[in-house]
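**Student:** based on what follows, work out the 3D shape:
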Amino acid sequence: MAAGLISEKTSGDLSFLLEPEAAAVALSHGSSGAFGVGSKFIVVDCGGGTVDVTSHEVIGVNPLALKSLASADRSNCGSEMINALFMQWLVGKLPSKSQQDLKEKPGLLLEIEQLFDAIKTSFKADKSQLGYVQLRSVLEEREESEEFAERIRQYNDSVDESLRVTFQTKNKNLRLSRELMMTFFAPQLTEIVRLVHNVRDDALARGNAIDFIVVVGGFASSDILQKHIEEEFRGSRVLFPDTPIHPQSAVVIGAARAGSQGSSAPIRNRVATMTIGAFFEPNYFRPLVRIGEDVPVDSTKELIGYPVNATQQQCQWRLYQSKKLNPTTIDGETPLGSLTIDVPQTGNVSDREMRAQFSFGEAEIGVTVEFPKQGRKERGTVRFDKL
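**Tutor:** Just a heads-up that it's a prediction; the model follows:
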């Protein structure tokens, strides 16, 4: 029974993948040709909130094994940001009463966003006209509609003709121009291209020339996004999978396939996007992994420490993450997680040497702390404060 697979939160049957990693598994699992052994590719996972970019090389099949080629990158530039820019543009032109209604009635806001979302989803690179956004629900009174119409007239007078919109006072229908719609898309498209360049350049600097780029996720079905990425990377092969794996299904299918491999994890390494280290009294940052370092799954790093004083009964190993390559103190750094262990109450401070082995798993950091002179070991998993 499925309910028996995970019986506790620390179960070894539970494993994690980044969404673009799962998509990479779905696309390359059991395949040949483009995804054959030795192929090197970038996955761009374009979702609603974030866009995540990873890079991989197929190093084995049956079971599938993928090697990470460069540091992953991500940004809040998903399709929901387009909606947010439109709503920001619209709300600034609504009468004050309509603005207040949107604040007090979340359902109205959702309705407008859904109407816009349908237009955004069908927006194509051809010259076809956009559909209407129906504003009857937020312009209930005639006076509100007329005031909005006047504000639209003032807007149209203040912008280039290509950015002008039309508003039907009677039907309360708003139609955006294609050029205006593109202003909502443009920041996200620019940011996505930047992410891909970052990952591709990092992979190339490590001696890994990328063979192709594959774009997945709900936002990947956007014709505007597809045409923009193809234009920006004309010298590269760009794939937008449709069959047999739809872009929106790739993450789910990949996660299932990865799980079916059992203990043979498809992702064999990651390239660190942050420097991770431990806190040492009084204020030292001792790095375990530095930005850009290749970290094989289940690899270990060791740190040696001592209790602060002879009466200390417990010791907390506290991990921090940093955007710096060589941080020396924890000032301004971000707490990542911690593990508390009991300290032997025998001998002086030097007799209670602690050798901490940090094991970097698929998405967890395990710790084994050995007290050599006492012949004792403590094991645990870091409790993450930040995910």
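**Student:** can you pull up the most central residue in the protein?
**Tutor:** Centrality entry for the chain: nearest residue to the mean C-alpha point is Asp52, 4.3 Å, by C-alpha atoms, centre = their mean.
**Student:** what's the spacing between that one and Val196?
**Tutor:** 11 Å (C-beta to C-beta, to the nearest Å). Using the backbone N, CA and C atoms, a C-beta is placed for each residue, glycine as well.
**Student:** same question, Ile42
**Tutor:** Taking C-beta to C-beta, one finds Ile42 at 6 Å from Val196.
**Student:** can you list residues touching both of those two?
**Tutor:** 53, 213 (C-beta atoms under 8 Å, 6 or more residues apart in numbering).
**Student:** circling back: surely the residue nearest to the centre of the chain meets Arg74?
**Tutor:** Yes - applying C-beta atoms under 8 Å, one finds Asp52 in contact with Arg74, separated by 4.4 Å.
**Student:** sorry, back to before: and the residue nearest to the centre of the chain, helix, strand or coil?
**Tutor:** Per DSSP: H, G, I helix; E, B strand; the rest coil, the secondary structure class of Asp52 is strand.
**Student:** gap between the two ends of stretch 201-210?
**Tutor:** 9 Å (C-alpha to C-alpha, to the nearest Å).
**Student:** give the buried residues for it.
**Tutor:** Residues 202-203, 208, 210 are the ones in stretch 201-210 that count as buried (16 or more other C-beta atoms under 10 Å).
**Student:** what is Ile341 paired to in the beta sheet?
**Tutor:** Beta-bridge partners of Ile341, counted by DSSP bridges, are Cys315.
**Student:** for it, grab the count of nearby residues.
**Tutor:** Look at Ile341: counted by other C-beta atoms under 10 Å, it has 18 neighbours.
**Student:** that one reaches Thr368, doesn't it?
**Tutor:** No - Ile341 is not in contact with Thr368 according to C-beta under 8 Å; the separation is 10.0 Å.
**Student:** between the two, which contacts overlap?
**Tutor:** In contact with both Ile341 and Thr368: Glu378, using C-beta under 8 Å, 6+ apart.
**Student:** longest helix in this protein, please.
**Tutor:** The residue-count maximum for a helix in the chain (DSSP state H) belongs to helix 178-205.
**Student:** for it, which helices and strands make contact with it?
**Tutor:** Helices and strands touching helix 178-205, by 3 or more C-beta pairs under 8 Å, 6 or more residues apart in numbering; DSSP states H and E, are strand 40-46, strand 51-60, strand 73-75, helix 80-91, helix 106-122, helix 223-232.
**Student:** give me the below-cutoff pLDDT ranges for the stretch 201-350 of the chain.
**Tutor:** By pLDDT under 70, the weakly predicted segments of the stretch 201-350 of the chain are 242-248, 261-264.
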